[in-house]
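1. here is my input, please return the structure:
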Amino acid sequence: MPGTGEPMGEALEIRRATAGDREAAVRLLAAQLAEHDIPAPRPQLEKAIDGMLAREERGAILLALRDGAPIGLAVMSQTWTVEHGGTAMWLDELYIEPAHRGGGIGARLLDAVVAEAQRRGARALDLEVTADHARAANLYARRGFQRHDRVRWVLRLT
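-> The predicted structure follows:
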């Protein structure tokens, strides 16, 4: 039954995405951004995913698969920061298809993100949540993330 957790007999796997997972990653990211009304043309998503998959030092895409079918992903970018005194990771996206939410998959995917950040020697893991996304904020708070009082700003460069 959708949204009620992980049914018995269905295997959940979380692993790093490979070039063969490109289409699944594009599909999941497009769904994530559409859910939040964030415009992201397919060529832009493809370029971002291709760049991430081509060079490990840029970060990682982790896929959550149920019985081999991709149902969620996390995209994390690696950066070097003064604030954290070295390598840090930015959790750019974490998404679980709506039919699979509510069963702890997001928490398991987030745990895999933390493990990947630690494997890379990151000193911190940063992310953002929209003010009205309480479900996501609760997940991060349960996993020990602390809310910043800062407001994020952006200047798009063309």
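2. how many neighbouring residues does Pro39 have?
-> 7 (other CB atoms under 10 Å). In short, each C-beta sits where N, CA and C put it, glycine included.
3. biggest strand in the protein, by residue count?
-> Looking across the chain with DSSP state E, the single longest strand is strand 69-81.
4. buried residues in it?
-> Of all the residues in strand 69-81, those buried under the rule 16 or more other CB atoms under 10 Å are 70-78.
5. which of these sits closest to Leu110?
-> Ala74 (7.3 Å; CB to CB).
6. the closest one contacts Ile61, correct?
-> Yes: counting by CB atoms under 8 Å, Ala74 does reach Ile61; the two are 7.3 Å apart.
7. quick one: the helix or strand hosting Leu110 to strand 69-81, angle?
-> In this assignment (DSSP states H and E), Leu110 forms part of helix 105-119. Counting by axes from the mean of the first three to the mean of the last three CA atoms, to 10 degrees, helix 105-119 lies at 40 degrees to strand 69-81.
8. the helix or strand that comes right after helix 105-119 packs against which elements?
-> Using DSSP H and E, the helix or strand that follows helix 105-119 in sequence is strand 125-127. Judged by 3 or more CB pairs under 8 Å, 6 or more residues apart in numbering; DSSP states H and E, strand 125-127 is in contact with strand 86-96, helix 105-119.
9. in a markdown table, list those along with mean pLDDT.
-> As requested, those are exported to a markdown table (pLDDT from 0 to 100):
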| stretch | mean pLDDT |
| --- | --- |
| strand 86-96 | 96 |
| helix 105-119 | 97 |
